[in-house]
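**Q** Requesting a structural model of the entry that follows:
(one chain, ligands or ions: 3)
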Amino acid sequence: MESTLKEMRDGASVLDMDPKSTVGGGVEDVYGEDRASEDQFVTPWTFSVASGYSLLRDPRHNKGLAFTERERDTHYLRGLLPPTVLSQELQEKKLMDSLRQYQVPLQKYTALMELEERNERLFYKLLIDNVEELLPVVYTPTVGEACQKYGSIFRRPQGLYISLKEKGKILEVLRNWPEKSIHVIVVTDGERILGLGDLGCQGMGIPVGKLALYTALGGLRPSTCLPITIDVGTNNEQLLKDEFYIGLRQRRATGKEYAELLHEFMSAVKQNYGEKVVIQFEDFANHNAFELLAKYGTTHLVFNDDIQGTAAVVLAGVVAALKLIGGKLADHSFLFLGAGEAGTGIAELIALEMSKQTKSPVEETRKKIWLVDSKGLIVSSRKDSLQHFKKPWAHEHEPVNNLLDAVKAIKPTILIGSSGVGRTFTKEVIEAMASFNEKPLIMALSNPTSQSECTAEEAYTGTQGRAIFASGSPFDPFEYNGKVFVPGQSNNAYIFPGFGLGLVISGAIRVHDDMLLAASEALARQVTKENFDKGLIYPPFSKIRKISAEIAANVAAKAYELGLATRLPRPENLVKYAESCMYTPVYRTYR
Ligand SMILES: NC(=O)C1=CN([C@@H]2O[C@H](COP(=O)(O)OP(=O)(O)OC[C@H]3O[C@@H](n4cnc5c(N)ncnc54)[C@H](OP(=O)(O)O)[C@@H]3O)[C@@H](O)[C@H]2O)C=CC1
Ligand SMILES: CC(=O)C(=O)O
Ligand SMILES: [Mg+2]
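**A** Numbering: from 1, shown residues only. Ligands and ions are numbered 1, 2, ... in the order given. As a prediction, the model looks like this:
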């Protein structure tokens, strides 16, 4: 029986490969989707062989008009399709043409989600081949609007919903998910969706979007990715009153009730999928995010994208920017607007890297970094009333209650926005940065675009074109005084797909800060002279699969070095190995 199943899944030509050879945390090609070369046949294997009408309705195997004449005969498709046969390339061209007709970004988002539900490989082919054009649609900024309107645009459920109603039954809920071999879970409780606040259950758009990027940007096979939303209610009054709201109509559970549900979830995940599934926490509010990371960091393979992924991407951008602004990391002084997950996460990783470079204690290097929150500069006189994650940043200084005065007092060389509040880098703030820096580095990280601390135009005009600028959501190139400035995108999407791939291919069992530094270093070294010449501090997203393979290899190498990798023996060439594990969306030929 076992060997029959094996043949069905793998095809005879790949029988010589041990499907379990990568099981020590590696990418297991359960369905033989990737190991056969393109001219070899594979079976569209589900629980049974899909054929005819059900094959056309199965997004994982559907090819639409690209089914060949032979496949139409052998898979009972005759008459179910019009006569023409199109190549995948022509299907792609047609879809891109029709997507470009839509003027409204949300229409493009809906069209892409419908494509994913209809023809998964075509969806990923579009996304991979047109990543710079489509990233703003499936991801920030459009995904933010999609979450806000999720109830109205909801057609078919995506991902897994775990609400308070499922308390005591979470393991059963996980078992309802059709895929058994899961490598990455992205989970949110919807309380801090981008800079848009509490969107409750409608936050599902974020795990769905992030996992689409795991596949498109990092090459994780879609069947191994699981988006989850934990619904403990919402404090968003507008949603509670919205007749189309899809979540629990109650205020958020907190304290013991919240902790117990999360604990049941974390235990069930480990019980169902084992220890080597990556659990990415996404867009939790900071009062839960830090605690969950600390609590489960020692027992699970957890990664908080907003704290850790953002830290790695920003550190990479800053390190790369040194080529343009000069000096070493420790020569610079940093001021953050926003002292939450992103702000303190980035600050801590920069301080750690500075400490490694200068061999001084992190308590010392932290003094180069200042943060402003909604009450002003974080200073020692505020220490007693600060949340625990802000306390290390409470340096000696007189109180300063607004950003402009803080900029004037600290005179930072690098200004980073992580407040979630749009247009807070005012003209005066940007001009102040330009008054004492020849090349101020300004990073407006908040998403979506409406929450960006400033626009690219504001950054360039306020500094007479001297700023090095990057933002969380993309801005178009901007022409100023006859020169075109190309703003970079500083977004954790550069990091998490490659980082997750690195964890999976090494079979890592825990995340360590040194792996974040390894990811950051791999990204920084991908910035080329050509990029720097345009003022860019990140490589283009069009190169992201190569970048992700480099990041994955560096992260995996660190996991082996730290003794945290379980996939043994260690592949010799980790970049090649990472590339060989990546999912490609070209159609397969059905026998
Ligand atoms: N580009 C990227 O890759 C990423 C971007 N982000 C973006 O960063 C933003 C913040 O996320 P996160 O750190 O998780 O959120 P948090 O809620 O954890 O932190 C927000 C911080 O901003 C402060 N703040 C809010 N309003 C103001 C204001 N008017 N003036 C000064 N400070 C203010 C808050 O102050 P207080 O503590 O006093 O309330 C808090 O310290 C979001 O928009 C998110 O989209 C996040 C992750 C990745
Ligand atoms: C990018 C991201 O993770 C955020 O804005 O929350
Ligand atoms: Mg996030």
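**Q** May I ask which helix or strand encompasses whichever residue of the stretch 1-150 of the chain sits closest to ligand 2?
**A** Taking CB to the nearest ligand atom as the measure, the stretch 1-150 of the chain has residue 140 as its residue closest to ligand 2, at 6.0 Å. Using the backbone N, CA and C atoms, a C-beta is placed for each residue, glycine as well. For residue 140, there is no host helix or strand (DSSP states H and E).
**Q** Contacts only, for it.
**A** Contact analysis of residue 140 by CB atoms under 8 Å, 6 or more residues apart in numbering lists 194, 447-449, 472-473, 491.
**Q** at 6 Å instead, please
**A** For residue 140, the residues meeting the contact criterion (CB atoms under 6 Å, 6 or more residues apart in numbering) are 447-448, 473.
**Q** How about residue 358?
**A** residue 330.
**Q** roughly how far apart are it and residue 364?
**A** Taking CB to CB, to the nearest Å as the criterion, residue 358 is separated from residue 364 by 8 Å.
**Q** What about residue 300, how many residues nearby?
**A** 21 (other CB atoms under 10 Å).
**Q** Could you grab the helix/strand/coil label for it?
**A** Under the three-state scheme (DSSP: H, G, I helix; E, B strand; the rest coil), the conformation of residue 300 reads as coil.
**Q** Could I get the contacting residues of it?
**A** residue 279.
**Q** Apply 10 Å and report the result again.
**A** The contact partners of residue 300, by CB atoms under 10 Å, 6 or more residues apart in numbering, come to 266-267, 269-270, 275-279, 292, 509-511.
**Q** so which residue of the protein comes closest to ligand 1?
**A** Per CB to the nearest ligand atom, the residue of the chain with the smallest distance to ligand 1 is residue 340, at 1.9 Å.
**Q** Isn't that residue up against residue 288?
**A** No. Counting by CB atoms under 10 Å, residue 340 stays clear of residue 288, with 11.9 Å between them.
**Q** any shared contact partners between those two?
**A** Taking CB under 10 Å, 6+ apart as the contact criterion, the residues that touch both residue 340 and residue 288 are residue 192.
**Q** Of those two, which one has the most company?
**A** Neighbours around residue 340 and residue 288, counted as other CB under 10 Å, are more numerous at residue 340. The numbers are 25 against 18.
**Q** ok, now which ones touch that one?
**A** 192, 285-287, 289-290, 306-307, 371, 373-374, 387, 389-390, 418-420.
**Q** same question, residue 570
**A** 506, 556-557, 559-561, 577.
**Q** Equivalent analysis for residue 291, please.
**A** For residue 291, the contact set (CB under 10 Å, 6+ apart) comprises 259, 262, 284, 388-389.
**Q** Repeat that for residue 321.
**A** Taking CB under 10 Å, 6+ apart as the definition, contacts of residue 321 comprise 332, 414, 439, 441, 443, 468, 470, 488, 524, 527, 532, 535-538.
**Q** which other helices and strands contact the helix or strand containing residue 91?
**A** Remark: residue 91 resides in helix 88-101, with elements defined by DSSP H and E. Using 3 or more CB pairs under 10 Å, 6 or more residues apart in numbering; DSSP states H and E as the contact definition, the elements that helix 88-101 packs against are helix 105-118, helix 120-129, helix 131-138.
**Q** List the buried residues in it.
**A** When neighbours are counted by 16 or more other CB atoms under 10 Å, the buried residues of helix 88-101 are found to be 88, 91-92, 95, 99.
**Q** For residue 259, see how far away the closest residue to ligand 3 within the stretch 1-150 of the chain is.
**A** Across the stretch 1-150 of the chain, no residue is closer to ligand 3 than residue 140, which sits at 8.9 Å (CB to the ion). Applying CB to CB, the value for residue 140 to residue 259 is 30 Å.
**Q** now do residue 274
**A** The gap separating residue 274 from residue 259 is 23 Å, by CB to CB.
**Q** can you list the domain ranges for this structure.
**A** 2-87, 90-299, 308-492, 494-569 (automatic domain parsing).
**Q** what about residue 62, which SS state?
**A** Assigned with three-state DSSP, residue 62 falls in the coil class.
**Q** How many neighbouring residues does the spatially closest residue to it that is not a sequence neighbour have?
**A** Sequence neighbours aside, residue 119 is the residue nearest to residue 62 in space, at 4.9 Å (criterion: CB to CB, 6 or more residues apart in numbering). In terms of burial, residue 119 registers 26 neighbours under the definition other CB under 10 Å.
**Q** Am I right that residue 119 is in contact with residue 86?
**A** No. Under the criterion of CB under 10 Å, residue 119 lies out of contact with residue 86, with a separation of 11.8 Å.
**Q** shared neighbours of these two, anything?
**A** Listed contacts common to residue 119 and residue 86 are 63-64, 66; contacts here mean CB under 10 Å, 6+ apart.
**Q** Show me which residues of the stretch 451-591 of the chain are close to ligand 2?
**A** Neighbours of ligand 2 within the stretch 451-591 of the chain, by CB under 6 Å from any ligand atom: 472, 491-492.
**Q** just the domains of the chain: most buried one?
**A** Neighbour counts (mean count of other CB atoms under 10 Å) averaged over each of those peak at domain 494-569, with a mean of 22.
**Q** Adjacent strands (with direction) for the lengthiest strand in the chain?
**A** The single longest strand within the chain, with elements called by DSSP state E, is strand 225-231. Strands that pair with strand 225-231, judged by DSSP bridges, come out as strand 160-163 (parallel), strand 184-188 (parallel).
**Q** Check whether stretch 449-459 comes near ligand 1.
**A** Yes. Judged by CB under 6 Å from any ligand atom, stretch 449-459 comes into contact with ligand 1 through residue 451.
**Q** What mean pLDDT does that stretch get?
**A** When the per-residue pLDDT values of stretch 449-459 are averaged, the result is 98.
**Q** could you dump the helices and strands packed on helix 88-101 to CSV with mean pLDDT and distance to residue 432?
**A** Putting these into CSV (pLDDT from 0 to 100; distance: least, CB to CB, whole Å) gives the following:
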stretch, mean pLDDT, distance to residue 432
helix 105-118, 97, 34
helix 120-129, 98, 41
helix 131-138, 98, 31
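**Q** quick revisit: can you list the buried residues of helix 88-101 in CSV and add pLDDT?
**A** As requested, the buried residues of helix 88-101 are arranged in CSV below (pLDDT from 0 to 100):
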residue, pLDDT
88, 98
91, 98
92, 98
95, 98
99, 98
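**Q** Which residue, other than its chain neighbours, is closest to residue 549?
**A** residue 578 (4.3 Å).
**Q** now residue 63
**A** Among residues not flanking residue 63 along the chain, residue 587 sits closest, at 5.2 Å (CB to CB, 6+ apart).
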